[in-house]
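**Student:** take a look and give me a structure for this.
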Amino acid sequence: MAALATDAGMRSLHEQIAELGPWFHNLHLPQGVQTCPDHPLGDFPAFKWREIAPHVPADLGGWRVLDIGCNAGFYSFELAGRGARVTGIDMDPHYLRQARWAAEQFGCADRIEFRQMQIYDLMREDTRYDLVWFMGVLYHLRHPLLALDIVRRKTTRMLILQTLTMPGEEVAPVAREFPLDQRDAMLEPGWPKMAFIEHRLAGDPTNWWAPNHACVEAMLRASGFKVRARIAHECYRCEPTTGDPEISEMIETELCAATGRGLRDKSGRGDG
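**Tutor:** Model prediction:
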């Protein structure tokens with residue numbers, strides 16, 4: 001009888017997974033069932049997590065974590081499992097339904113909050129986070145540098161960033177100043193470049209950008225991050241640092257204007 005009850009329970013679980021599909025995250029549920037065992041990328045994102053996990057503190061007790069573009073919550077669950085309190089955000093209600101359901105399966109719903117919002121909405125909130133998890137989102141954004149400026153203001157200890165990149169590992173030395181008539185330098189291998197994708201890449205109309213490796217690191221520095229390590233393919237571990245003082249005020253003014261924070265900032269109430 002117990003075996004029959006277990007079989008019935010597993011059938012019900014499989015039915016719930018099917019009803020919540022399609023899945024992009026292959027979650028390994030406690031019952032021994034996977035949500036997307038035939039994922040075209042393999043056991044995704046578990047294989048990516050295995051590459052990155054050694055570069056993240058094993059004990060995240062007391063840390064507040066923000067998972068941007070959380071999808072079905074794979075990384076949120078792993079980070080909560082290390083003791084963090086996690087906020088996962090995504091703009092797609094389909095993935096958020098999956099994430100909330102999976103949180104109940106994993107028994108960690110009390111440690112994770114899933115919210116439907118855009119990355120730009122973060123500027124309307126005062127909360128800051130010890131760790132910001134920013135995987136597979138940057139190249140989907142029409143305003144990537146604006147997004148990085150926002151992420152910098154929300155990060156107090158660590159940023160983990162992954163983004164699609166164009167081919168090329170070269171990093172050219174770039175002078176802090178060069179004449180207008182010497183723009184040929186921009187054509188050199190290793191100059192920070194970002195390819196714009198007007199139409200579709202891999203059938204996805206939200207794949208807007210493909211920066212090269214040099215550009216990813218340059219954008220991170222320009223936003224106020226120090227790149228500590230390249231920890232996996234297209235994946236970077238960063239820490240917040242002081243930006244260029246010559247342009248920091250200009251960046252802050254533009255950021256506040258772009259996100260509607262200008263009047264609030266002038267009143268003396270910043271984002272904490």
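**Student:** do you know the pLDDT at Met186?
**Tutor:** Confidence at Met186, expressed as pLDDT, is 89.
**Student:** just confirm it is within a helix.
**Tutor:** Yes - per DSSP: H, G, I helix; E, B strand; the rest coil, Met186 lies within a helix segment.
**Student:** what about it, how many residues nearby?
**Tutor:** 12 (other C-beta atoms under 10 Å). Using the backbone N, CA and C atoms, a C-beta is placed for each residue, glycine as well.
**Student:** hmm, who's touching stretch 136-156?
**Tutor:** 66, 68-69, 119-120, 122-123, 127-132, 134, 159, 161-164, 194, 204, 206-211, 219-220, 222-225, 240, 243, 251, 255, 258-259, 271 (C-beta atoms under 8 Å, 6 or more residues apart in numbering).
**Student:** mind checking how far stretch 124-136 is from the chain centre?
**Tutor:** 9 Å (C-alpha atoms, centre = their mean, to the nearest Å).
**Student:** no no, stretch 143-160
**Tutor:** 10 Å.
**Student:** same deal with stretch 172-192?
**Tutor:** 30 Å.
**Student:** before we move on, back to that, among the contacts of stretch 136-156, name the buried ones.
**Tutor:** Buried subset of the contacts of stretch 136-156 (neighbour count, 16 or more other C-beta atoms under 10 Å): 66, 68-69, 119, 122-123, 128-132, 134, 159, 161-164, 194, 208-211, 219-220, 222-225, 240, 243, 251, 255, 259, 271.
**Student:** returning to what we had before: which of the contacts of stretch 136-156 fall in helices?
**Tutor:** Among the contacts of stretch 136-156, the members falling in helices (DSSP state H) are Met219, Leu220, Ala222, Ile251, Leu255, Ala258, Thr259.
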